[in-house]
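Student: model this:
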Amino acid sequence: MRNPILGIFFMNALWLCLLLCCTCCIGPKLDQLDFVDVQTKIPIPAGVGSLTVGGSINRTLLEEDSLGDHGFIWVENWTGTPADLVLGRPGVKTISLGRIQQGDFTYTLNNLNVEQSLYSIKAYAVAGGRTIYGGLERFSFNFVVQTDTVSINNNEATLSALLFGLEALRDSVIDHGHIIARDTANLYLNKTFFKKSSLKSSNDDGVFSSEFEGLSFNTTYYGKAYAQTRDGRFVYSKKTLTFRVKDGWLPVKFRLPAQQAHLVSGAIGNSGIMGVACLDELCLNATNGPSRTAYRFEVEQDTVGKWTEIADYSGIPAKRSTSFTLNNRLYVTLGDRGVGNRFNTTTIWAFDPTENGGEGNWILADTFPAAGREGAVAFVINGKAYIGSGRRLDATANEVLYSDFYEYSPSLERGQRWRQIAPLPGSGRSEAAAFVVNNRGYVGTGFSAKEDLSDFWSYNPQSNQWTPVDSLPYDPRRGAISFSINGKGYVGTGFKSENSAYLSDLWSFDPTAARGKQWQTRTPLRSGGRSHAGLFVVNNRAYLGGGRSIFVRNNNLDFLIFSDFWMYTPENN
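Tutor: Below is the predicted model:
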């Protein structure tokens with residue numbers, strides 16, 4: 001009988017021999033390689049407007065041919081990153097000193113600006129077709145303040161700048177920071193600037209940053225760095241940063257009256273309605289149904305308004321129900337009741353604000369003409385609603401997904417209001433998103449029998465046809481928010497089942513853009529990912545409230561139901 005241990009020994013020995021042979025054949029040994037190290041030395045003043053720059057080169061193999069070239073690259077008031085300072089870069093000047101073996105080398109730059117200029121220098125060497133750079137060194141004949149970068153987060157901006165020369169001069173400033181304004185004429189401290197940061201005194205060189213909060217959306221700003229000398233003078237950076245705060249979210253003054261998820265929502269006039277929602281974990285787990293309670297939010301001015309409770313919902317509350325606004329009424333239908341015949345809800349109820357002496361009430365409006373379901377989607381075009389898709393469990397608990405769609409015309413007589421239209425292409429789906437732009441309905445995302453989806457389709461009521469458009473980039477999802485403002489559709493947040501992630505991103509859709517460029521990323525929701533939130537649009541602002549997520553408590557995952565309330569301002573163009 002063969003010894004298996006001996007066989008393993010011989011196999012490992014064979015692999016070791018092969019590895020040694022390959023190593024010998026690949027190329028030279030480590031001690032035969034020519035490693036080239038380049039260092040940039042600290043610049044030394046050589047008189048008024050003159051600067052001596054230095055470098056050194058060390059090699060492991062002196063018997064090799066001399067290096068093809070060496071020297072310095074330098075630039076005045078460099079605004080790029082250190083890594084971007086390379087040969088051939090626009091604005092970068094080169095001092096070529098020719099071939100060299102190794103050793104120290106210097107060069108004197110003359111006729112330099114001794115005022116507020118910051119010089120950036122690197123030594124370099126060319127070896128075997130590759131360029132090796134030394135580290136970046138900076139020098140100023142005077143102290144320098146130089147703006148660097150700006151980053152935008154919602155309605156906040158962070159500006160960075162560089163203060164240099166204080167350590168060499170053994171000097172200090174009594175104050176430094178940034179100023180921003182809405183025009184360049186007021187970008188000085190003796191003008192009516194918009195905002196200023198004050199980082200107090202410093203005697204150190206280095207980068208500093210200023211954070212500005214509460215900026216206005218759809219507004220362009222200009223920023224500069226400044227420093228105040230010990231004799232009271234103000235020194236400003238030469239470079240002006242231009243940046244624009246585009247879109248974003250602001251918290252509304254009053255939160256939802258209760259934690260809510262799977263909300264019914266929609267706008268009526270200058271107000272929005274939210275409610276008939278899950279209030280606890282029992283509802284999320286389909287043990288109980290949602291609450292009948294609903295609320296109206298009267299928008300007074302952007303993030304200012306008030307909540308009032310309206311009449312309780314008259315139908316059977318259901319989770320993942322479908323709602324839409326039409327003819328100044330909020331319609332609610334379908335959904336999962338959570339108990340009994342869970343998906344048999346097909347009646348349509350409408351909240352009419354003119355009922356009950358102007359207090360509003362729910363009226364029985366109609367009945368959905370097909371099988372009951374949850375997660376259906378709806379959109380409205382020219383006085384007609386379009387409802388379809390969704391899912392249910394049949395009598396044997398098998399999942400049934402729908403792609404059928406129906407047109408609803410409430411102005412017609414009963415019996416004539418419903419018309420079946422072309423089904424949404426592809427297999428059935430549930431918990432999709434929908435919006436309307438330029439009299440076209442757009443439906444996409446959701447989930448099918450196998451996976452979450454990201455595809456999108458456009459419906460033309462005139463031709464009764466669906467046409468594919470760009471899919472939502474990146475994450476497929478279900479339970480997302482969707483709305484339209486000023487000729488663009490928006491989709492965001494939601495749940496991605498692949499990695500159990502609750503999303504906070506937001507995307508805008510432009511149907512006039514070329515295919516492949518129809519979606520653009522927007523400012524994400526600030527308070528974290530969620531799905532199944534409520535949303536309505538008033539005065540070209542989107543109001544989002546509630547939703548669901550999960551969090552870790554005692555090493556276990558628990559449901560989280562939100563009560564926060566946010567207003568989104570879109571970019572104007």
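
Student: give me the number of residues near Asn540?
Tutor: Look at Asn540: counted by other CB atoms under 10 Å, it has 10 neighbours. Where C-beta positions appear, they are placed from N, C-alpha and C, glycine not excepted.

Student: Bridged to the nearest residue to Ser265 once chain neighbours are set aside, which residues?
Tutor: Take Ser265 and drop its neighbours on the chain: the residue closest to it by CB to CB, 6 or more residues apart in numbering is Gly534, 3.5 Å away. Assessed by DSSP bridges, Gly534 has beta-bridge partners Gly545.

Student: wait, isn't Gly534 in contact with Arg548?
Tutor: No. Gly534 is not in contact with Arg548 according to CB atoms under 8 Å; the separation is 11.3 Å.

Student: Name the residue in those two with the higher neighbour count.
Tutor: Looking at Gly534 and Arg548 with other CB under 10 Å, you find the greater number of neighbours at Gly534, namely 27 against 23.

Student: what's the spacing between the more buried one and Thr322?
Tutor: According to CB to CB, to the nearest Å, Gly534 stands 13 Å off from Thr322.

Student: Now Ala83, what are its backbone angles?
Tutor: As for Ala83, its main-chain torsions (degrees, to the nearest 10) stand at phi -70, psi -30.

Student: That one: how many residues sit nearby?
Tutor: 8.

Student: show me the contacts for it.
Tutor: Contact analysis of Ala83 by CB atoms under 8 Å, 6 or more residues apart in numbering lists nothing.

Student: List the contacts of Asp148.
Tutor: 79, 160-162, 207.

Student: which of those residues lies closest to Gly446?
Tutor: Of all these, Gly446 sits closest to Ser160, with 42.5 Å by CB to CB.

Student: re the thing from before, tabulate the contacts of Asp148 (TSV), appending distance to Ala277 and pLDDT.
Tutor: TSV is the format used below for the contacts of Asp148 (distance: CB to CB, whole Å; pLDDT from 0 to 100):
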residue	distance to Ala277	pLDDT
Thr79	51	81
Ser160	44	97
Ala161	48	96
Leu162	52	93
Val207	48	94
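
Student: who wins for most neighbours among those residues?
Tutor: Ala161 leads these on contacts (other CB under 10 Å) with 27 neighbours.

Student: Let me know whether that one touches Ala225 as I believe.
Tutor: Yes. Look at Ala161 against Ala225 with CB under 8 Å: they come within range, at 3.5 Å.

Student: got any residues that touch both of the two?
Tutor: With CB under 8 Å, 6+ apart as the test, Ala161 and Ala225 both reach 145-147, 178, 237.

Student: so which of these is the most crowded?
Tutor: His178 (28 neighbours).

Student: quick one: pLDDT of the closest residue to that residue other than its chain neighbours?
Tutor: Computed as CB to CB, 6+ apart, the closest residue to His178 that is not its neighbour in sequence is Ser210, at 4.0 Å. As predicted, Ser210 sits at a pLDDT of 98.

Student: what do you get for Arg89?
Tutor: At Arg89, pLDDT is 94.

Student: and if you look at the one 10 residues further on?
Tutor: Confidence at Arg99, expressed as pLDDT, is 95.

Student: What of the one 5 residues further on?
Tutor: For Asp104, the pLDDT comes out at 97.

Student: my guess is it contacts Asn58, does it?
Tutor: No. Asp104 is beyond contact range of Asn58, at 10.1 Å (criterion: CB under 8 Å).

Student: now the helices for the stretch 151-300 of the chain?
Tutor: If DSSP state H, counting those that start in this stretch is used as the criterion, the helices of the stretch 151-300 of the chain fall at 166-169, 281-284.

Student: before we move on, what about the stretch 1-150 of the chain?
Tutor: 4-26.

Student: Give me the below-cutoff pLDDT ranges for it.
Tutor: For the stretch 1-150 of the chain, the stretches with pLDDT under 70 are 1-34, 62-63.

Student: would you list every one of the strands in it?
Tutor: In the stretch 1-150 of the chain, the segments counted as strands under DSSP state E, counting those that start in this stretch are 36-40, 44-45, 51-59, 69-76, 93-96, 103-109, 119-127, 130-133, 137-139, 144-153.

Student: and these, which is most packed in?
Tutor: Compared across those, strand 119-127 shows the largest average neighbour count, a mean of 23 (mean count of other CB atoms under 10 Å).

Student: Parallel or antiparallel, which strands does it pair with?
Tutor: Counting by DSSP bridges, strand 119-127 is paired with strand 69-76 (antiparallel), strand 130-133 (antiparallel), strand 137-139 (antiparallel).

Student: Direction-wise, compare that strand with strand 51-59 and give the angle.
Tutor: Orientation check (axes from the mean of the first three to the mean of the last three CA atoms, to 10 degrees): strand 119-127 against strand 51-59 gives 30 degrees.

Student: for strand 119-127, the distance to its chain's centre please.
Tutor: From the chain centre to the centre of strand 119-127 is a distance of 38 Å (CA atoms, centre = their mean, to the nearest Å).

Student: And stretch 487-500, by the same measure?
Tutor: Counting by CA atoms, centre = their mean, stretch 487-500 comes out at 12 Å from the chain centroid.

Student: buried set for that stretch?
Tutor: Buried residues in stretch 487-500, counted by 16 or more other CB atoms under 10 Å: 488-496.

Student: repeat for stretch 548-562
Tutor: Of the residues in stretch 548-562, 548-550, 560-562 count as buried by neighbour count, 16+ other CB under 10 Å.

Student: So for it, first residue to last residue, what's the gap.
Tutor: From its first residue to its last, stretch 548-562 covers 6 Å (CA to CA, to the nearest Å).

Student: any idea of the mean pLDDT in it?
Tutor: Averaged over stretch 548-562, pLDDT sits at 86.

Student: Also stretch 369-378?
Tutor: The average pLDDT within stretch 369-378 is 98.

Student: Using a markdown table, lay out the buried residues of stretch 487-500 together with secondary structure and pLDDT.
Tutor: Listed next are these as a markdown table, based on DSSP: H, G, I helix; E, B strand; the rest coil; pLDDT from 0 to 100:
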| residue | secondary structure | pLDDT |
| --- | --- | --- |
| Lys488 | strand | 98 |
| Gly489 | strand | 98 |
| Tyr490 | strand | 98 |
| Val491 | strand | 98 |
| Gly492 | strand | 98 |
| Thr493 | strand | 98 |
| Gly494 | strand | 98 |
| Phe495 | strand | 98 |
| Lys496 | strand | 97 |
